[in-house]
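Engineer: coords please:
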Amino acid sequence: MFKNEQKHPFYRPLWRRVAIVATVAAWLLFELWQQSSGLWIAIAGGMLVYAVYTFFITWPKDEPKDDAGPNG
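Structural biologist: Below you'll find the model as predicted:
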């Protein structure tokens, strides 16, 4: 998978990643509600799975920052 998304500073704030996933989920729900063709449902569903996987499951955990050092 492409990991460039995880390096870009735009995606660093959690609220932006949540907003992207929520928007794609809303798009999928809209396609299901409209009973669209299977192609658009598959596209929206695939994007949702990819967004959740990239932005939450494999997102690098922030390491605790210890600026003071061991001597305080």
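Engineer: For the stretch of helix or strand F30 belongs to, list the C-alpha coordinates in CSV.
Structural biologist: Taking DSSP states H and E as the definition, F30 sits inside helix 14-33. Taking C-alpha atoms only, helix 14-33 is exported to CSV below (Å, rounded to 0.1, in the frame of the first residue of the first chain):
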residue,chain,number,x,y,z
LEU,A,14,-7.1,13.4,14.1
TRP,A,15,-10.2,15.5,13.3
ARG,A,16,-9.2,15.7,9.6
ARG,A,17,-8.8,11.9,9.3
VAL,A,18,-12.1,11.4,11.1
ALA,A,19,-13.8,13.9,8.8
ILE,A,20,-12.5,12.2,5.7
VAL,A,21,-13.7,8.8,6.9
ALA,A,22,-17.1,10.2,7.9
THR,A,23,-17.5,11.8,4.4
VAL,A,24,-16.7,8.6,2.6
ALA,A,25,-19.0,6.7,4.9
ALA,A,26,-21.8,9.2,4.2
TRP,A,27,-21.2,8.7,0.5
LEU,A,28,-21.5,4.9,0.8
LEU,A,29,-24.7,5.3,2.8
PHE,A,30,-26.0,7.6,0.1
GLU,A,31,-25.2,5.1,-2.6
LEU,A,32,-26.9,2.3,-0.6
TRP,A,33,-29.9,4.5,0.0
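Engineer: What are the buried residues along it?
Structural biologist: Residues of helix 14-33 classed as buried: 17, 20-21, 24-25, 27-28, 31 (neighbour count, 16 or more other CB atoms under 10 Å). Any C-beta I mention is one placed from the backbone N, CA and C, and that applies to glycine too.
Engineer: I'd like these laid out as TSV, including pLDDT and distance to F55.
Structural biologist: Listed next are the buried residues of helix 14-33 as TSV, based on pLDDT from 0 to 100; distance: CB to CB, whole Å:
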residue	pLDDT	distance to F55
R17	92	4
I20	94	7
V21	95	6
V24	96	10
A25	96	12
W27	94	16
L28	93	16
E31	91	21
